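[1] show me how the following folds:
(chains A and B)
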There are 2 protein chains.
Amino acid sequence: MTEETEGQPPSDDAYALNAATVDAILAAVEVGARERLIEYLAHMHPADVADLLEQIEEPRRVRLVELWGPDLNGDVLTELEEGVRDTVLATLTPKQLSEAVQELDTDDVVYLVEDLDEPQQEAVLDALDDADRVAVEQSLTYPEYTAGRLMQREMVTAPVHWTVGDVIDYMRASDDLPEQFYDIIIVDPAMHPVGEVRLGKVMAHPRSVKLDTLMEQDFRTIPVDQRQEDVAYAFNQYHMIQAPVVNADGRLVGIVTIDDAMDVLEDEAEEDMKLLAGVGDEEISDSTMAIVQRRFPWLLVNLITAIIASIVISLFSSTIEAIVALAVLMPIVASMGGNAATQTLTVAVRALATRDLTGSNAMRIVRRELVAGTINGAAFAVIMAVVGIIWFGNPMLGVVLAIAMVGNLAVAGLAGILVPIGLDRAGADPALASGTFVTTVTDVVGFLLFLGLASALLL
Amino acid sequence: MTEETEGQPPSDDAYALNAATVDAILAAVEVGARERLIEYLAHMHPADVADLLEQIEEPRRVRLVELWGPDLNGDVLTELEEGVRDTVLATLTPKQLSEAVQELDTDDVVYLVEDLDEPQQEAVLDALDDADRVAVEQSLTYPEYTAGRLMQREMVTAPVHWTVGDVIDYMRASDDLPEQFYDIIIVDPAMHPVGEVRLGKVMAHPRSVKLDTLMEQDFRTIPVDQRQEDVAYAFNQYHMIQAPVVNADGRLVGIVTIDDAMDVLEDEAEEDMKLLAGVGDEEISDSTMAIVQRRFPWLLVNLITAIIASIVISLFSSTIEAIVALAVLMPIVASMGGNAATQTLTVAVRALATRDLTGSNAMRIVRRELVAGTINGAAFAVIMAVVGIIWFGNPMLGVVLAIAMVGNLAVAGLAGILVPIGLDRAGADPALASGTFVTTVTDVVGFLLFLGLASALLL
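    Numbering: from 1, shown residues only, chains lettered A, B, ... in the order given. Here you go, the predicted model:
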C-alpha cells in the first residue's frame, strides 16, 4: 500500500483517513452493497478501519458492522476505543465474534475480554482452542494493568545447549511459530530464562555455533506482577523490542513485545495530560451525554475551590467597596500565579513520569522552582507596579500589586513542585487533580496577599 | 542484570536510579577513584548513566565526565537532554569525543551533531570512517524533524531473486551487519524497495524457498522528507518495527527503526502537554536562570490577556461599587469557564495529535461540545443560583449568575474546540498557546456577561 505515502507532500494528514474513501464506504453501507464494502475494508489496515468506526455516527457504525459482520477482521476489535468496541461487540452475533477472535494472539484476546460481561467473555473463550483458552484464563488471573495482562504466550524458546543449526531445524519443522518475534529466549531445564539471542545473530553464524555464545549482554526479565507503566518505561529507557516475563519463581510465563509497550506509553502520557486538565478518560468518540457526565465531577471540584477563593475575597468586601480598582486588578494577580504554578506543575508531572525527578534531585529542584518563581515574580512586580501607577495614578497601589505578585509567584513555584511530589510519595498519580489543588493555592494566596496588603496600606 | 527487576515489589520506582548507587558513584567522583567509577558505570545501561548525569549538579557532572572521559560510552551522549549534553561535549577532549562516536549508528551520530557548532561538528565527523561520514553528511542535508534525519544507513537488503539460502550465506559471510535489525528489505536492481521479509520467516523456511514468496502483505515505505511526527504516527498506528525510507525517486536511502519512532512519539506528547501549559521545551535538568528566561515570555502573554480581562471589569467599576457581591462572585464565573474550556481543549489537542479528530467528524464534535457545555452550564447555573441566593439573599443576583454560567460554559465548549481546530487548519501546532487564547475568551465573556447582566438587571 505504498501509494498511500509515496509522492505525497509531507503534511499533518499524511496518514489520516482519506475523506473520499470514507465517503465511498459510507455510500456502500447506505445502499447495503456488502461486496463493495468488503472490498474497500480488505484494503485498509485494521487500525484505520477502527478509526473509521470511531469517527462515524453510531447508527452508521452499527449498520456497517452488521453488513461486514461475517468477514470482520478480529484485529479491528483490539484497535477500537472502549466505548465504540462495546457497540461493535454488541452488534456481532456470537458466531461472528468467535470467528473474529480465533486468529488473535493471546495478549490481544486478553485485552479484548477483560472488560466484557461474563456471558460475552464466555462466548469469546469458547471460541478459542484449548491451549489458547488456558493461556487467556491464566492471564486474566493477574491484576489489571500489570505485565501479566500485557504479555502474550506465543514465543520461541531454546535450551541452553542448542546450536544455531538446532534452532534453525526446529523452526523449519515447527508449524506453530508466532506471527512476529525478534529474539529467541534461552531457557534452562526448569524454564528459567537465562538470556536471549537476536534472530539477526542466529542467521549471521554457522550452524555449529552454540546459542549461548551469541546471547545479548543486556538481558532483562519482567516480573509478571510489574505495573504496565513500569514495563513501558523499561522498553523506552532500554530500547527493548521484546522481553521475557517471569513468575515469582523466575520461570518464563510469556513475553511482552514493543508494540504493547508503545501503546501503554501513549496511554500513560495521554492520561497525565487529561488528568492535569481535569478530564477523565474520555475519548473523542464519546457521546454528548457521556462527556457531560464525565466532566461534571471535575467541574464540581473546580466550583468548590472557586467558592473558597470567593470567600477569601468576601473577607475584604469593605476594602473593595472603598477602592474599586482592587476588583479590577485582583484577577491579574491570581491569573499570573495560576499560570506560573501550572508551568512548574506540568514540568514536574512529566519529569516524575519519565523518572527524571527522583529523591536524588528533588530538593535541588524545589529550591530552583522557589528561586525561579521569585525572580520572575520580581520582574512582573516591576511591570505591574508601573501598570498600576499609570492606570490608576496611585503609587501605593503599585507597591501593593508588586508585593502580591512576587509573593504569589514564589508560592506558585513551591506549590507547583510540592503538590505533585507529595501526591507521588503518597502513592497517588501526581497528575491527579493537582492542577485544581495548585491553582486553588495561588488563587487564595493571591487574593489574600493583594487584598490584605491593600487593607493595611491603602485604607 | 536481572537483579534489578527480579523479586522486587512492583513500585513506581522499579527502574528509577538507585539512591545508594548514585551516592557510591558520587563518592568515587569526589575522591577521584577512576577505576571504581569505571567499574560502576560499566554495569549501568547508557540510558541510566545519562539520567544520572542529568540529575546531579553541574560541577559534579563535569568532574565525573573528566574522570570517566577516556572510557566514556558514546551511547550515553545520545541519551542526554540537550542542555546537559552541551556541558558534557564541552568537557570532552576532541580525541575522547571522536572515540566515543565511532561505535554509534549513523542515525545517532546525526542526532548528536545536528545541534553542534561548526568546529565541534567537524571534530565528530572527522572521527568517522569515510562511508559513515558521507552517510551522516547526507542525512544532514535533509530538513530537521524529517525521516531523513531519523533514519540510519545500516540495513540488510536482498535482491528479489534471492532464496532463503542465499540470504543466510550472505549474512554468514558479511562482517558488517547492523547491531539490530528485524526485517530484510527486498530491492529491485534500481534499489527500489519492493517488499520486506521478517527474519523469523526466513529462518522458518528451507534454503530453497524464494524470498519474494515470504514478503509481508502490509508493506509501507516512508518518504525521506516526511515529518517525524507522521513517521511516529505510522509506526504506532500500524505496529511497525522498521520501515524503509525512500527518496523522491522511490530509491531506498535508509531505514527508520521503532526505537527512534518511540522517542519521537514521546517527545511529541510531551511537547503538546508543555505547550498547553504554556511552557516551552524546558527540561527538569535546566538551570534556574534558564527556566526563568524560558517561562518569562509565556507569563508575559498571560499578563497581557489578564489585563484585557481587567479592562472588561473596569468598564463596570460603578456597578461593582454599588454591589460589591459582584466582585466576590465574578471569579467563579470566569474560573468555571476557563476550566470547562481547558477540558474540551485538551481532548481536542490530543485527538488532533492522534488523528482521531478529522474533517470527517469535526462538525459533529463541535456541535457535541456546544451542547455538552450548555448542559453542564445549565446544571451549574442551578447550583450557582442557589449559592448566590443563600449567600447574598438576592434572587435576582442568582438569576444573573445562572445566565452568565450557562453562557460562559457554552462559549467555553465552542472556544475549546474551535481554537485548536483553527490553529491546526492554519498549519500551526494546535497546542501552541491555545490554553491562553481560550481562557482569555472565557474570562472576557464571563466578566462581560456577568457584570453586563448585573448592570442591566440589578442596578
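[2] can we go C-alpha only for contacts and neighbour counts from here?
    Will do.
[3] contacts only, for A:Ala309.
    By Cα atoms under 8 Å, 6 or more residues apart in numbering or on different chains, the residues touching A:Ala309 are A:440, A:443-444, A:447.
[4] so which of the residues you listed wins on neighbours?
    For those, the largest number of neighbours (other Cα atoms under 10 Å in any protein chain shown) sits with A:Asp443, at 29 neighbours.
[5] strands of chain A, residue ranges please.
    Using DSSP state E, the strands of chain A run over A:157-159, A:183-187, A:193-198, A:222-223, A:242-246, A:252-257.
[6] out of the contacts of A:Ala309, which are close to chain B?
    With Cα under 8 Å from any Cα of the partner chain as the criterion, the contacts of A:Ala309 include none near chain B.
[7] just give me the residue closest to the centre of chain A.
    A:Asp267 (1.8 Å; Cα atoms, centre = their mean).
[8] give me the distance between that residue and chain B.
    A:Asp267 sits 10 Å away from chain B, going by Cα to the nearest Cα, to the nearest Å.
[9] for A:Pro94, same thing?
    For A:Pro94, the distance to chain B equals 28 Å [Cα to the nearest Cα].
[10] go through the strands of chain A and name the closest to A:Glu321.
    A:Glu321 sits nearest to strand A:222-223 of all the strands of chain A, at 64.6 Å, using Cα to Cα.
[11] tell me which residues of stretch A:355-374 come out buried.
    By neighbour count with 16 or more other Cα atoms under 10 Å in any protein chain shown, stretch A:355-374 contains the buried residues A:355-358, A:360-362, A:365-366, A:368-374.
[12] contact partners of it?
    With Cα under 8 Å, 6+ apart as the criterion, stretch A:355-374 contacts A:340, A:344, A:348, A:351-352, A:406-407, A:409-414, A:417-418, B:13, B:16-17, B:19, B:22, B:51, B:54-56, B:284, B:287-289, B:291-292.
[13] deepest-packed of the strands of chain A, please.
    Comparing the strands of chain A by mean neighbour count (mean count of other Cα atoms under 10 Å in any protein chain shown), strand A:222-223 ranks first with a mean of 28.
[14] elements contacting it?
    strand A:242-246 (3 or more Cα pairs under 8 Å, 6 or more residues apart in numbering or on different chains; DSSP states H and E).
[15] got a list of contacts for the strand it packs on?
    A:147-148, A:151, A:181-183, A:185, A:192-193, A:220-224, A:252-258.
[16] what's the answer for stretch A:205-221, then?
    If you take Cα under 8 Å, 6+ apart as the criterion, stretch A:205-221 is touched by A:160-166, A:186, A:193, A:195-198, A:201-202, A:243-246, B:1-2, B:5-6, B:45, B:171-172.
[17] hmm, try it at 7 Å
    A:160-165, A:195-197, A:201, A:243-246, B:1-2, B:5, B:172 (Cα atoms under 7 Å, 6 or more residues apart in numbering or on different chains).
[18] over to stretch A:94-105?
    By Cα under 7 Å, 6+ apart, the list of residues contacting stretch A:94-105 reads A:69-70, A:72-75, A:109, A:123-124, A:127-128, A:152.
[19] let's see 10 Å
    Taking contacts as Cα atoms under 10 Å, 6 or more residues apart in numbering or on different chains, the residues outside stretch A:94-105 that touch it are A:68-78, A:88-93, A:108-110, A:112, A:120, A:123-129, A:132, A:136, A:151-154, A:178-179.
[20] still on that earlier bit, mind listing which of the buried residues of stretch A:355-374 are in helices?
    Taking DSSP state H as the definition of helices, the buried residues of stretch A:355-374 contribute A:362, A:365-366, A:368-374.
[21] buried residues in the helix or strand bottoming out on mean pLDDT in chain A?
    Between all helices and strands in chain A, the lowest mean by mean pLDDT, DSSP states H and E belongs to helix A:118-127, at a mean of 83. Using 16+ other Cα under 10 Å as the test for burial, helix A:118-127 gives A:120, A:124-125, A:127.
[22] domain map for chain A?
    Listed by automatic domain parsing, the domain ranges of chain A are A:16-150, A:157-276, A:288-458.
[23] now these in a markdown table, please, with extra columns for distance to B:Arg63.
    Shown next, in a markdown table, are the domains of chain A (distance: least, Cα to Cα, whole Å):
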| stretch | distance to B:Arg63 |
| --- | --- |
| domain A:16-150 | 39 |
| domain A:157-276 | 25 |
| domain A:288-458 | 18 |
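[24] B:Leu315 is nearest to which of those?
    Comparing the domains of chain A by Cα to Cα, domain A:288-458 comes nearest, at 9.2 Å.
[25] that closest one: end-to-end distance?
    Domain A:288-458 has its terminal residues 50 Å apart, counting by Cα to Cα, to the nearest Å.
[26] so how far is that domain from its chain's centroid?
    Mean C-alpha position of domain A:288-458 versus that of the full chain (Cα atoms, centre = their mean, to the nearest Å) differs by 27 Å.
[27] do the same with stretch A:238-248
    20 Å.
[28] in the stretch 1-150 of chain A, which spans are helices?
    A:19-30, A:34-42, A:46-55, A:58-68, A:74-79, A:82-91, A:94-101, A:106-113, A:118-127, A:130-140, A:147-150 (DSSP state H, counting those that start in this stretch).
[29] circling back to that earlier point, against A:Tyr145, how distant is the residue nearest to the centre of chain A?
    Noted for A:Asp267: a distance of 12 Å to A:Tyr145, by Cα to Cα.
[30] the contacts of stretch A:94-105, buried ones only, as a ChimeraX selection?
    Selecting only the buried entries of the contacts of stretch A:94-105 in ChimeraX, with 16+ other Cα under 10 Å as the criterion:
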select /A:68,69,72,73,74,75,76,77,78,88,89,91,92,108,109,110,112,120,124,125,127,128,132,136,151,152,153,154
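[31] what's in contact with the least confident helix or strand of chain A?
    Applying Cα under 10 Å, 6+ apart, the external contacts of helix A:118-127 come out as A:89-90, A:94-95, A:97-102, A:109-110, A:112-116, A:132-134, A:136-137.
[32] stretch A:281-291 too?
    A:51, A:53-58, A:81-84, A:267, A:270-271, A:274-275, A:279-280, A:292, A:294-295, B:344, B:347-348, B:350-352, B:356-357, B:361, B:365, B:367-373, B:375-376.
[33] next one: stretch A:187-195 to chain centre, how far?
    33 Å.
[34] on that earlier part again, between the contacts of A:Ala309, which sits nearest chain B?
    A:Asp443 (9.7 Å; Cα to the nearest Cα).
[35] thought that closest one was touching A:Ile311?
    No - using Cα atoms under 10 Å, A:Asp443 makes no contact with A:Ile311, being 11.1 Å away.
[36] find residues that contact each of the two.
    Residues touching both A:Asp443 and A:Ile311 by Cα under 10 Å, 6+ apart: A:Thr305.
[37] overlap in contacts, A:Asp267 and A:Tyr145.
    With Cα under 10 Å, 6+ apart, A:Asp267 and A:Tyr145 have common neighbours A:Glu229.
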